[in-house]
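**Student:** build the 3D model from these lines:
(2 chains)
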Amino acid sequence: MKAPLRELLFPVVAVLAAFFVGGIIVLLIGDNPIETYRLLIGSAFSWPDGVGYTLFYATPLIFTGLAVAVAFRCGLLNIGAEGQLYVAAFAAAWVGIKGGGAGIFLLPLCCVAAVAAGAIWAGIPGLLKARFGSHEVINTIMMNFIAVALVSYFTQYHYKIPGDPILQTAPIDPHGHLARLGAIIPGLPQRIPLNFAFVLALVACGVVYVFLWKTSWGYELRATGSNPLAAEYGGVSVRRQVVLAMAISGGLAGMVGIHEVLGYRHRYYDGFSDNYGFTGIAVALLGRNHPAGVLAAAVLFAILQRGGVPVDAFTQHVSKDIVQILQGLVILFVAAEALFRGPLARKRVKPAVASGMSGTVAEP
Amino acid sequence: MADVFTLSLVFSSIRLATPLVLAALGGLYSERSGVINIALEGLMLAGAFTAAAITHFAGSPWIGLLAAMAAGVAVASIHAVVCIRFKADQVVAGTAINIMFLGLPAVLSAALFLSSGSTPQIPKEQLLPALAAYAPGGLASLRLLTDVSVMSVLAVILGLVTHYVLRHTPFGLRLRAVGENPEAADAAGVRVTRFRYAGVLLSGAFAAAGGAYLSIGQASLFTRNMSAGRGFIALAALIFGKWRPVQTMLACLLFGFAEALTIQMPGVVKLPSGEDIPVQFIQMIPYIVTMVVLAGFIGQSRAPKALGIPYDKEQRV
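**Tutor:** Presented below is the predicted three-dimensional model:
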C-alpha cells in the first residue's frame, strides 16, 4: 500500500477503533451507542450555531495541537500546554488591564505577552532537559500545577474586582478586544463567540508548516527529533534545539490566551481551560504531528466536544466524559501503530486490547 | 517557623508518602523490566475509583483493595499489550491511559451512582484501618498506632520484600536482566516478554493499591482526579531513588514531607511581616521540590539500560 495513503489510513482506523470500543463502553453503561454517537456528532453541523461553535471550540485545540506537534517533531513530549496557556492567558489579561494607554498598540502587545509567557513557561522545562537531562514529561506536568497555583494567586490577591464572587480579573481595556468573526461574515450572528483568533490559528498552521519543512531552522529541529546523535554530528546543537522547540511549542500554546482573553471573555477567568492542553496531545497524535492533520483532528475533537453537551443532557447514563474516554482511546490506538501494519490489507479493526494476531510478522 | 515541625508533621509525612511508595514500587517493577510506565497516574485513579466503588457495595475495604488491584492489573495489561506486543511508544501509550482515566471514572460513577464523578461516602468503619485496630486495648490510644495506617506498614514491608526479591531471587534476577540486556537474557533462555508482562502487571497492582489507599484509606470517597499528579511524583521519586527499592521509599518520604508541609504550614508558618503565606504558594511546594530533585540528581542516576526500548526478537543480531 502506498505510503501517503497508509499515513492517512492510520488515523482513520484509530478513530474507528476508538469509537468501536467507546460504543462497547456505552453499551455496558446501559445506553444505545448509535443514539449516543448520533447526538455526539450531529449537533456540530447546523448553521450558524453548530459550525460556529465547533470552530470556536476547535481554535484552542489547533493551538495546543500545533504546540505538541512541534515539540514532538523535536522528540519532546510537551504535556505542559495546559500550564503554558494559563500563564499566557493571564499575561494577556495583565497587559490588557494595565496597558490602556497604549491605544491601538494594546492588542498586538497583549498578543506578544501571551506568546512570550507561554514560551518562557515551556522554556524552563526545556532548559532543565537540555542542561540536566531531566525528563520533560514530569517537569511540564509539574509546571502545570505550579502555573495553576501561581495564576490563581495573582487573580485572587491582586487582580480580582473586590467583592466579585467569581475568581476572575477585571475586564481588559477595550483596545485589547479581538473582534468576533460575526462582524465580517454575513449570516454569522455576533452572538457566536467565534473570533479572529480562529484566523490566527489557520495562519499558525501555515507558518508552522513553512517553518518546519521549508526553512533550515525547521530542518534542524526535525533532525534533532529524528536522530539527535546524527544531528549533533551534523553540527546542530541538540541542546539549543530542545530549548527552542519547547519555547516555540509554549508560544503556540500561549496563543490560546489570545483566543480566550482577547477574543472571548475579555478578562482572565480562572479555570477557563476545558482540558485544552491534554486534548492537544490527542490532536497532535491523531494529526500525525502535521499542521494539516492537526487542523483536521482539532475540528474532529471540537465536534466531539460540542456533542458532549447534548449527550450529557439527552442520554440516561452517559455523561460528557465519554468524550475524554474517546480521546484517550484514540491516542492509544494511534500509539499502537504496529497493530495496523499486518492486517491492514484486510481492514480488520480490532481493538488493541484483544491480542491474538498470531502469525503476523512485524515489518522492519 | 519552628512551630511547624511537630509530631503531626511526621505522621502526615508518613501518611502522605504511602500512596507514593506503592505507586513508585509499581513503577519500579515495570521499569526494571525495561518498560517505561508513565501511566502510574491513571493506574492510581483506576485503583482509587474501583476501591471506593467496590467498598461501597461490598462493605469491606479489603475486598475493595483486592478489587482495586485487579482493576490495576487489567488496566496495566492494556499498557503491557500496547507496549510489549505492539511495540508502541511507551511514553505515548502511558499518556493515553492517563487521559482516559481523567474521564472514565466519571462516566462509570455517573452510571453507577448517578453522580458527577464522586462515589458515595464510605462510613469510617469500612475504611482501611489504622494500626490501632489491631492493637491490644491498652495500647490502642497511642498516637503511633492511631495515626499510622495499616497500609503504610504494608507499603514499607512490600518495599523491603521488593528489595529482597530483586536481589536474591531468580525471578528478580531475570526481571533485572530483561531490563538491562534483553538480548543476552533471551540468549540465556529467559522469556523476555513474559517477564516484562510480569513487571507491568505488577506495577498495575501496586499503583492501584496506592490509589486505593487514597480513596478508602486517606479519604472516604473517590473524587475526580484525586491523585493530583502523585503518579508523576512517584515516578520522580523512582528516578531520584535510582530505581532501587529502599532509596525510592526514602525519596517518597521526602515528597510526602513536602506535601505534609502544604497541610501543616498554612496558618502556622507566616511571612516575616506576620501575614499568612498565600495558600497557593504552599501548594506549589511538592511540585517545585520534584523539579529541583529531578534536575539535581538525574545525572547521577542510571536507568535500566534497555528502558523504553521495545524488544524485537527479529532484530537480534
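**Student:** so what's the nearest residue to A:Tyr268 once chain neighbours are set aside up against?
**Tutor:** Closest residue to A:Tyr268 apart from its sequence neighbours, by C-beta to C-beta, 6 or more residues apart in numbering or on different chains: A:Ala93 at 3.6 Å. Any C-beta I mention is one placed from the backbone N, CA and C, and that applies to glycine too. With C-beta atoms under 8 Å, 6 or more residues apart in numbering or on different chains as the criterion, the residues that contact A:Ala93 are A:159, A:169, A:172, A:257, A:261, A:267-268.
**Student:** possible to save these as TSV with secondary structure?
**Tutor:** Formatted as TSV, the entries for these read as follows, by DSSP: H, G, I helix; E, B strand; the rest coil:
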residue	secondary structure
A:Tyr159	helix
A:Thr169	strand
A:Ile172	coil
A:Gly257	helix
A:Val261	helix
A:Arg267	coil
A:Tyr268	coil
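**Student:** farthest pair in those?
**Tutor:** Looking at the contacts of A:Ala93 by C-beta to C-beta, the two members farthest from one another are A:Tyr159 and A:Gly257, with 14.7 Å of separation.
**Student:** more crowded one of the two?
**Tutor:** For A:Tyr159 versus A:Gly257, neighbours defined as other C-beta atoms under 10 Å in any protein chain shown are more numerous around A:Gly257 (33 against 18).
**Student:** dihedrals phi and psi, A:Ala247?
**Tutor:** A:Ala247 adopts backbone torsions of phi -70, psi -50, taken as degrees, to the nearest 10.
**Student:** now stretch A:120-135, how far from the centre of its chain.
**Tutor:** How far stretch A:120-135 lies from its chain's middle: 21 Å, per C-alpha atoms, centre = their mean, to the nearest Å.
**Student:** quick one on the thing from earlier: make a ChimeraX selection of the buried ones in the contacts of A:Ala93.
**Tutor:** Only the buried members of the contacts of A:Ala93 enter the following ChimeraX selection, criterion being 16 or more other C-beta atoms under 10 Å in any protein chain shown:
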select /A:159,169,172,257,261,267,268
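**Student:** make JSON lines out of the contacts of A:Ala93 and add pLDDT.
**Tutor:** Putting the contacts of A:Ala93 into JSON lines (pLDDT from 0 to 100) gives the following:
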{"residue": "A:Tyr159", "pLDDT": "82"}
{"residue": "A:Thr169", "pLDDT": "85"}
{"residue": "A:Ile172", "pLDDT": "84"}
{"residue": "A:Gly257", "pLDDT": "93"}
{"residue": "A:Val261", "pLDDT": "91"}
{"residue": "A:Arg267", "pLDDT": "88"}
{"residue": "A:Tyr268", "pLDDT": "90"}
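**Student:** quick one, helices of the stretch 1-150 of chain B?
**Tutor:** Using DSSP state H, counting those that start in this stretch, the helices of the stretch 1-150 of chain B run over B:7-32, B:40-58, B:61-80, B:90-113, B:143-146, B:150-168.
**Student:** quick check: which of the ones you listed is nearest to chain A?
**Tutor:** Among the helices of the stretch 1-150 of chain B, helix B:90-113 comes nearest to chain A, with 2.7 Å by C-beta to the nearest C-beta.
**Student:** CA atoms only for the one helix or strand in chain B whose mean pLDDT sits lowest, dumped as CSV, please.
**Tutor:** Of the helices and strands making up chain B, the lowest-confidence element is helix B:143-146, at a mean of 75, by mean pLDDT, DSSP states H and E. Output of helix B:143-146 as CSV, limited to C-alpha atoms (Å, rounded to 0.1, in the frame of the first residue of the first chain):
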residue,chain,number,x,y,z
ARG,B,143,-0.6,8.1,68.7
LEU,B,144,1.8,5.9,66.8
LEU,B,145,-1.0,3.4,66.3
THR,B,146,-3.9,5.6,65.7
